[in-house]
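K.L.:
3D model of this:
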Amino acid sequence: MRFIQHAVVVAFIAVPLLTGCGPDPNAQIQTLEQERGSLQSQLADAQRRRQEAEGALSQRDQELAALRRANEELQGRLAAAPEQEPKVVEPGWQPVKGGVMIAIDETVLFQSGKAILRDEAKRTLDKIATTLNGTYGGKDILVVGHTDDQPIQKSGWKDNYELSCQRSLAVVRYLAGKSVDPGRMVAGGCGEHRNKVSNTNAANRQANRRVEIFAMDVALGK
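P.N.:
Numbers count the residues shown, from 1 in each chain. The predicted structure is shown next:
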């Protein structure tokens, strides 16, 4: 009997002890609520970032579509544009704005102070006439004479302007005799006023005495 009483006492004491050591339901609920709130916040943030990414992707798609349309338009304009013929530059000629040009030294064409073509000059001009009637056929031709800065003394010309013009005229007349259409040609002279290099020595003055022949893409005086 005493044993049973002792057991009852022990059991009576153990019940509150066991109850006090167990988990608190309220605390568990509070923890779960906090975790749920954190997950909801993370979910909302993920949804916001997804919407931003979808918006950026949509904008990029629109930009890409606009670029494709612009590219297609450019391709269409390029396909419709007429092909331009490449500029052909014959040996001895050089490209210039609006056409091509060849420069012939005075010593090849004329004697000093003269406007009568040398015999050797005619062989050079024959080749030029062939080029003007072939490769550059149909282009306008400008022939320009140049001198150095030495004043006229014994040659009988009024000044260097007159000498340069008469030399270019002699070239034009010869080319016309070689079937170059006179209607394509213009003769002119610059005297000493458009020198290639400064007239500081004999070599430079020699370089400045020349006749330039231009084959121009744009019609002159029309």
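K.L.:
What residue spans form the domains of this protein?
P.N.:
For the chain, the structural domains run 2-80, 94-216, going by automatic domain parsing.
K.L.:
for the ones you listed, which one ends up most surrounded?
P.N.:
The highest average neighbour count among the domains of the chain, using mean count of other CB atoms under 10 Å, belongs to domain 94-216 at a mean of 17. No exception for glycine: its C-beta is placed from N, CA and C like everyone else's.
K.L.:
show me where pLDDT drops low in this structure?
P.N.:
Regions of the chain meeting the criterion pLDDT under 70 cover residues 1-23, 71, 74, 78, 81-88, 219-222.
K.L.:
tell me the helices in it, going along the chain?
P.N.:
2-21, 25-80, 106-109, 119-133, 160-177, 202-208 (DSSP state H).
K.L.:
In TSV, list these along with distance to residue 94.
P.N.:
Output for the helices of the chain, formatted as TSV (distance: least, CB to CB, whole Å):
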stretch	distance to residue 94
helix 2-21	106
helix 25-80	30
helix 106-109	17
helix 119-133	13
helix 160-177	18
helix 202-208	15
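K.L.:
The nearest residue to residue 168 once chain neighbours are set aside: what's it in contact with?
P.N.:
Nearest residue to residue 168, sequence neighbours excluded (CB to CB, 6 or more residues apart in numbering): residue 145, at 3.9 Å. Residues counted as contacts of residue 145 (CB atoms under 8 Å, 6 or more residues apart in numbering) are 163, 164, 165, 166, 167, 168, 171, 188, 189, 190, 210, 211.
K.L.:
and if you look at residue 144?
P.N.:
164, 168, 188, 189, 190, 211, 212, 213, 214 are the contacts of residue 144 under CB under 8 Å, 6+ apart.
K.L.:
What separation do you get for the second one and residue 138?
P.N.:
The reference is to residue 168. Per CB to CB, to the nearest Å, residue 168 is found 21 Å from residue 138.
K.L.:
Next: the last one.
P.N.:
Taking CB to CB as the criterion, residue 214 is separated from residue 138 by 14 Å.
K.L.:
go on, the fourth one?
P.N.:
Going from residue 189 to residue 138 by CB to CB gives 25 Å.
K.L.:
Neighbours of residue 91, how many?
P.N.:
The number of residues packed near residue 91 is 7, by other CB atoms under 10 Å.
K.L.:
Quick check: phi and psi on it?
P.N.:
phi -60, psi 140 (degrees, to the nearest 10).
K.L.:
distance of residue 115 from residue 184?
P.N.:
The value you get for residue 115 to residue 184, if CB to CB is used, is 22 Å.
K.L.:
scratch that, residue 168 is what I was asking about
P.N.:
Taking CB to CB, one finds residue 168 at 14 Å from residue 184.
K.L.:
hmm, who's touching stretch 174-191?
P.N.:
117, 122, 125-126, 128-129, 132-133, 138-147, 159-169, 171-172, 220-221.
K.L.:
Quick one: end-to-end distance for that stretch.
P.N.:
21 Å (CA to CA, to the nearest Å).
K.L.:
ditto for stretch 196-209
P.N.:
With CA to CA as the measure, stretch 196-209 spans 9 Å from end to end.
K.L.:
Could you do stretch 133-141 as well?
P.N.:
11 Å.
K.L.:
all numbers from here: first residue = 39
P.N.:
Yep, numbering from 39; the last one is stretch 171-179 now.
K.L.:
Pull the distance from it to the chain's centre.
P.N.:
Between the centre of stretch 171-179 and the centre of its chain there are 28 Å (CA atoms, centre = their mean, to the nearest Å).
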